[in-house]
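1. Provided below for reference: sequence and predicted model.
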Amino acid sequence: MDADNAQSTRPYLIRALYEWCTDNGFTPFIAVQVDDSVRVPHEYVKDGEIVLNVSFDATSALQLGNEFIEFKGRFGGVARDIMVPVHRVLAIYARENGQGMAFPVTAAPDTAAPQPPLPEPKPAVLAPVRNSEDAGPDTPRPSGGGRPALTRVK
């Protein structure tokens, strides 16, 4: 099997982040872009999107499959059958801290147009990493001291 015929990584990442949330006592939420293929209560859809609590306490018969996320949930006290195609999931994240992963919006797998090949990546030049303890007297120290910080880019 080549890369063009490989299954999407999205359902695997959704399951991994769901497990991470539950293992850490967080509440997993999924953001879904709603269209005709999504079965959710449309009265709760806002601007074409809906956010669903997919925690163990909020769902019954949850199935995180490769093609669909299915469960029974209560909306306004009424039990509803929910079915979300995995390709419509925009993000999965923990309600408590917002950590998670966002996904690009994609077309349905069987209706997706062929994508042009990605450009060949250019090799990056990495500088050796030094601990501040290893630095000599003439080595410039990073400003602010301490560890480098990562910046999240959306």
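-> Thanks, I have the structure now. Numbers count the residues shown, from 1 in each chain.
2. residues touching Glu70, list them.
-> Contacts for Glu70 were tallied using CB atoms under 8 Å, 6 or more residues apart in numbering; they are 61-63, 81-84. (Glycine included, C-beta is placed from N, CA and C.)
3. Just the mean pLDDT for whichever strand or helix holds it, thanks.
-> Assigned by DSSP states H and E, Glu70 falls within strand 68-75. Throughout strand 68-75, pLDDT has a mean value of 96.
4. following it, which helix or strand comes up?
-> Assigned by DSSP H and E, the successor of strand 68-75 is strand 78-85.
5. elements contacting that following strand?
-> Judged by 3 or more CB pairs under 8 Å, 6 or more residues apart in numbering; DSSP states H and E, strand 78-85 is in contact with strand 68-75.
6. what angle separates the strand it packs on from strand 78-85?
-> 160 degrees (axes from the mean of the first three to the mean of the last three CA atoms, to 10 degrees).
7. Can you list the strands that strand 68-75 pairs with?
-> Looking at strand 68-75 with DSSP bridges, its partner strands are strand 59-64 (antiparallel), strand 78-85 (antiparallel).
8. For those strands, give me a markdown table that also has distance to Pro41, mean neighbour count and mean pLDDT.
-> A markdown table is the format used below for those (distance: least, CB to CB, whole Å; neighbours: other CB atoms under 10 Å; pLDDT from 0 to 100):
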| stretch | distance to Pro41 | mean neighbour count | mean pLDDT |
| --- | --- | --- | --- |
| strand 59-64 | 14 | 14 | 96 |
| strand 78-85 | 6 | 15 | 96 |
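9. out of those, nearest to Met101?
-> strand 59-64 (14.1 Å; CB to CB).
10. who touches that closest one?
-> By CB under 8 Å, 6+ apart, strand 59-64 touches 11, 14-15, 18, 53-54, 56, 69-73, 79.
11. With stretch 71-89 instead?
-> Identification of contacts with stretch 71-89 by CB under 8 Å, 6+ apart yields 8, 10-11, 14, 30-35, 37-41, 44, 52-54, 58-63, 65-70, 103, 106-109.
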